[in-house]
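In: 3D model of this:
(chains A and B)
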Protein chains: 2
Amino acid sequence: MTVAQSQIDEALAAADAQLDAGLERLFALMRIPSISTDPAHHPDCVRAAEYLRDDLAGLGFETEIVAADSVPNSVPSVIARDADRPEFSRRALFYGHYDVQPVDPLELWRHPPFEPQILTSETGEKVIHGRGASDDKGQVMTFIEAVRAWKSVGGGAPLGVTLLLEGEEEAGGESLGPIMDARRELLTADLALVCDTGMWGARPAITASLRGLVGGAITIRAASRDLHSGGYGAAARNPIHVLAQILADLRDAQGAVALPGFYDGVAETPPEIRAAWDALGVDDAAFLGPVGLSEPAGETGRSALEQIWARPTAEVNGISGGYAGPGFKTVIPAEAQAKVSFRLVGDQNPEAVWSAFQAHVRARTPADCVVEFETAPGAPAVSSPYDSVDIRRASAALEAEWGAPTAVIGGGGSIPAVGEMKERLGLSALMIGFAHDSDQIHSPNEKYDLESFRKGVRSWVRVLAALA
Amino acid sequence: MTVAQSQIDEALAAADAQLDAGLERLFALMRIPSISTDPAHHPDCVRAAEYLRDDLAGLGFETEIVAADSVPNSVPSVIARDADRPEFSRRALFYGHYDVQPVDPLELWRHPPFEPQILTSETGEKVIHGRGASDDKGQVMTFIEAVRAWKSVGGGAPLGVTLLLEGEEEAGGESLGPIMDARRELLTADLALVCDTGMWGARPAITASLRGLVGGAITIRAASRDLHSGGYGAAARNPIHVLAQILADLRDAQGAVALPGFYDGVAETPPEIRAAWDALGVDDAAFLGPVGLSEPAGETGRSALEQIWARPTAEVNGISGGYAGPGFKTVIPAEAQAKVSFRLVGDQNPEAVWSAFQAHVRARTPADCVVEFETAPGAPAVSSPYDSVDIRRASAALEAEWGAPTAVIGGGGSIPAVGEMKERLGLSALMIGFAHDSDQIHSPNEKYDLESFRKGVRSWVRVLAALA
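Out: Sure, this is the predicted structure:
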């Protein structure tokens, strides 16, 4: 359906009118310490789910709280679906998560993490302070408040809306897939919307791709006990050396990942997308400078943005072995360990990449050594065309709200739910979010700009109309 | 002077007669918890030094307790020198140490570590149980008791004897060099004797060489803070990768150390020494099997014994960086660290080796990284000819006592004092000891075979005569 501008203006006015009440609703949600990684907070997670269920039921949604039968201590998801109406041409499935990160170290918080309040930042902006303000309760509530605004002026959003609000995102939980499978009918939609990403500086942004992820730990064991390097050094196999060789050989001299077949399924970035990224005005120095770096370390000849948004990588996330305390101990350790992960793009297959890595490791494991693998759950990359009709329409809607052109960007990280929606529900996601790099998500003093919340709600009012 | 066999027999009989009293003297020394690494035990170290001083003064030695003025909290050495006599053709400087290792974990000791007693081992041998039994109080007392035996039958040992008993060996202290410099005249001798090494199984052994040591820590720093591998992976320099490359490049495919000039000063082992080692009857499998290994990991084509006794090595003793806890954290750490040490042989120069390593590291430190070095004190290798007159004479004396041929072996570790005596006093050391691999030095339940003590005393009675 086409939505008249007057209707949009009415909904925007309603959104502005309900701002303070909307903040109170967000604060009520933020006061619930729904830390999914801590079993002691499982009842709080359920309480947060119930809060959202009740709020959405009040808006006329059919609601359900669903846990995965097959997952022990499954933290439930909230599913809410409004009734079909004849004028709907399509239905959107909105994904967000209500669980939050732990708050340690607590002493670094300027205010208690679960007592949300409006503060004025060092740079003068008003911010919502507290755990979950940005990741992801504040972002989720921008969408719900937009739906509420539409409801208050015209009986509901201009397209069908289903919400799937997860409670295990921060815990890397395994419930979401089984929940999707169990409620596939209920979750049927035409497109997915996600609010768990960020702005591009002062510009609104649509994240069109995310990298996949696969990884795990390898442990190399040699002698049956730690040895003295005087009594055994040279003759005894040193597992740290073995590990160093394995890791050094992971990349070639041009910064490319050296596993056979690793780049299968990796396409070159189209010139127009590269051009669009160049036009974002963030060169390598501007991107890397804030973290004390200057040169992209990956594949030679590619910009930092391209390396992060469109190229895969192999990273060692941790290494340990032998004596790491103060002073020195001349030990040859019995074992050494590394944690390794691969960020994937395009059609790279996580299982195939991990198998190639295992073969790489085994080929470099000499006599007298054994290797043990621990594999973490993997996910393929997700992406949508940069110039789809939906992206063009959503871009225009966002530009109208923010007064600045929408940046269509890539994302270097992973949101497992986006892959799950693609794989299990066949839905491509439009990722729109209003977070900032400065939001300190996962850290003490998490915040969400009040402007992100206010204009975030208004943005969804416009985007829902544009996609209808 | 030549010593008549009848005199030796008399001294041996005296040694046997004083065995129980000698054990009591050893136990009295072992009851003093002279743990040099713990400042709280500094007074105990002084007490142990005073005990030895008094004992040696009672044998007619001129004695002195000497600390290093330049070293804060210097743990003193005991110096004792008997008077010159006209019949002396030469003088021996005996080195040992009276300090001991800490005793943690205390709960693993079957009896309190500083309440020495005679126990019967699982294999039926009588053993002296307690901290310092083997390392090095028991070994030191074999020498002092031998001197006492000679004193009781003929007025003293058949050659001049000076003792230098250190109190900082286990602490890697810096006092010994300055003490040697300050008392160089008093320490003048013709050869050095050391009792801090072991037997070769059931055979007596003379250790003719020790490897030197140089090492330190390197820290590679990249970004100004830990980064998320989603947001930065590929473009941000990963210091663990940098470190892995540095360490992997330390050895070549043939197991040799790949630093330029590293093998300067390393001579080939003479064929007759290789043949002697082969004749010891310990092949690679026999040497490495007990620690779960089978193949020597160092330079291709060299036996395990040759690799450890006559070849230098580069070893990584510890590595750390990023997340090493349970589960996974997709971090690109800001820094990574390794502890690296080199065992040296022949005339390898510790400073030159460390400089070559620093150059190796700097050449592999890319843009955006800085490297920081921490250098541990180094020492060159020490060695004496395997077929000197002294070794031949001492070998024969030991064979007479033990009824088995003396093994002339190398040592893969380091005894810093031996290098100091060579460098500051110009003395080559004859290293004779009666410890066993099973003595659990540095561990709970340290022991010294009663047979090592009894026959050790008798061995020194014979060796002193042989060297006179």
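
In: A:P178: what secondary structure?
Out: helix (DSSP: H, G, I helix; E, B strand; the rest coil).

In: Around chain B, pick out the residues from the stretch 101-250 of chain A.
Out: A:211, A:213, A:215-217, A:222-225, A:227-238, A:240-241, A:243-245, A:247-250 (C-beta under 8 Å from any C-beta of the partner chain). Any C-beta I mention is one placed from the backbone N, CA and C, and that applies to glycine too.

In: Make a PyMOL selection of the buried ones in those.
Out: Only the buried entries of those go into this PyMOL selection, using 16 or more other C-beta atoms under 10 Å in any protein chain shown:
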select buried, chain A and resi 211+213+215+216+217+222+223+227+229+230+231+232+233+234+235+236+237+238+240+241+243+244+245+247+248+249+250
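
In: Sort out for me which of the residues of the stretch 101-250 of chain A next to chain B are in helices.
Out: If you go by DSSP state H, these have A:S229, A:G230, A:G231, A:Y232, A:I240, A:H241, A:L243, A:A244, A:Q245, A:L247, A:A248 in helices.

In: which ones are touching the nearest residue to the third one once chain neighbours are set aside?
Out: Yep, that's A:G231 we're talking about. Of all residues not flanking A:G231 in the chain, B:G412 sits nearest, at 5.3 Å (C-beta to C-beta, 6 or more residues apart in numbering or on different chains). Residues counted as contacts of B:G412 (C-beta atoms under 8 Å, 6 or more residues apart in numbering or on different chains) are A:G230, A:G231, A:Y232, A:G233, A:A234, B:L210, B:R211, B:I308, B:W309, B:R343.

In: The residue of chain A positioned farthest from its centre and B:A205, how far apart?
Out: Computed with C-alpha atoms, centre = their mean, the residue of chain A farthest from its C-alpha average is A:G231, at 50.0 Å. As for A:G231, its distance to B:A205 is 14 Å (criterion: C-beta to C-beta, to the nearest Å).

In: just for the stretch 301-450 of chain A, where's the confidence low?
Out: Within the stretch 301-450 of chain A, no stretch has pLDDT under 70.

In: Taking it, what residue is nearest to chain B?
Out: A:G413 (2.5 Å; C-beta to the nearest C-beta).

In: Report how many residues lie close to that residue.
Out: 18 (other C-beta atoms under 10 Å in any protein chain shown).

In: next one: A:L164
Out: Counted with other C-beta under 10 Å, the neighbours of A:L164 add up to 27.

In: Report the beta-bridge partners for it.
Out: A:I79, A:Y95 (DSSP bridges).

In: give the contact list for it.
Out: When contacts are taken as C-beta under 8 Å, 6+ apart, A:L164 is in contact with A:S77, A:V78, A:I79, A:L93, A:F94, A:Y95, A:M180, A:L187, A:A417.

In: show me what contacts the residue in the stretch 101-250 of chain A that chain B sits nearest to?
Out: In the stretch 101-250 of chain A, the residue that lies nearest chain B is A:G230 (2.5 Å; C-beta to the nearest C-beta). The contact partners of A:G230, taken as C-beta under 8 Å, 6+ apart, are A:T330, B:R211, B:L213, B:R343, B:G411, B:G412, B:G413, B:S414.

In: of all those, which two lie farthest apart?
Out: In the contacts of A:G230, two members sit farther apart than any others by C-beta to C-beta. They are A:T330 and B:G411, at 13.6 Å.

In: Where do the domain boundaries of chain A fall?
Out: Domain assignment for chain A by automatic domain parsing gives A:5-210+A:381-467, A:212-270+A:296-379.

In: Please list the residues of the stretch 301-450 of chain A that sit near chain B.
Out: So far as C-beta under 8 Å from any C-beta goes, the stretch 301-450 of chain A lies against chain B at A:304-305, A:307-308, A:311-313, A:315-324, A:328-333, A:336-339, A:341, A:343, A:366-368, A:376, A:411-414.

In: Reformat the contacts of B:G412 as a markdown table; add distance to A:D135.
Out: Shown next, in a markdown table, are those (distance: C-beta to C-beta, whole Å):
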| residue | distance to A:D135 |
| --- | --- |
| A:G230 | 52 |
| A:G231 | 52 |
| A:Y232 | 50 |
| A:G233 | 49 |
| A:A234 | 51 |
| B:L210 | 59 |
| B:R211 | 55 |
| B:I308 | 55 |
| B:W309 | 60 |
| B:R343 | 51 |
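
In: of those, closest to A:L259?
Out: A:L259 lies nearest to A:A234 out of the contacts of B:G412, by C-beta to C-beta, at 31.0 Å.

In: Would you mark the buried spots in stretch A:84-97?
Out: Of all the residues in stretch A:84-97, those buried under the rule 16+ other C-beta under 10 Å are A:F88, A:R91, A:A92, A:L93, A:F94, A:Y95, A:G96, A:H97.

In: Quickly name whichever of these is closest to chain B.
Out: A:H97 (16.2 Å).

In: who touches the closest residue to that closest one other than its chain neighbours in this structure?
Out: Counting by C-beta to C-beta, 6+ apart, A:H97 lies nearest to A:E169, which is 3.6 Å off, once chain neighbours are set aside. Counting by C-beta under 8 Å, 6+ apart, A:E169 makes contact with A:S36, A:H97, A:D99, A:D136, A:D196, A:I415, A:P416, A:A417.

In: Would you mind writing the PyMOL command to select the buried ones in the residues you listed?
Out: The buried subset of the contacts of A:E169, as determined by 16+ other C-beta under 10 Å, is captured in PyMOL by this line:
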select buried, chain A and resi 36+97+99+136+196+415+416+417
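
In: Let me have the contacts of A:E169 in JSON lines, adding secondary structure as columns.
Out: Output for these, formatted as JSON lines (three-state DSSP):
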{"residue": "A:S36", "secondary structure": "coil"}
{"residue": "A:H97", "secondary structure": "strand"}
{"residue": "A:D99", "secondary structure": "coil"}
{"residue": "A:D136", "secondary structure": "coil"}
{"residue": "A:D196", "secondary structure": "coil"}
{"residue": "A:I415", "secondary structure": "coil"}
{"residue": "A:P416", "secondary structure": "helix"}
{"residue": "A:A417", "secondary structure": "helix"}
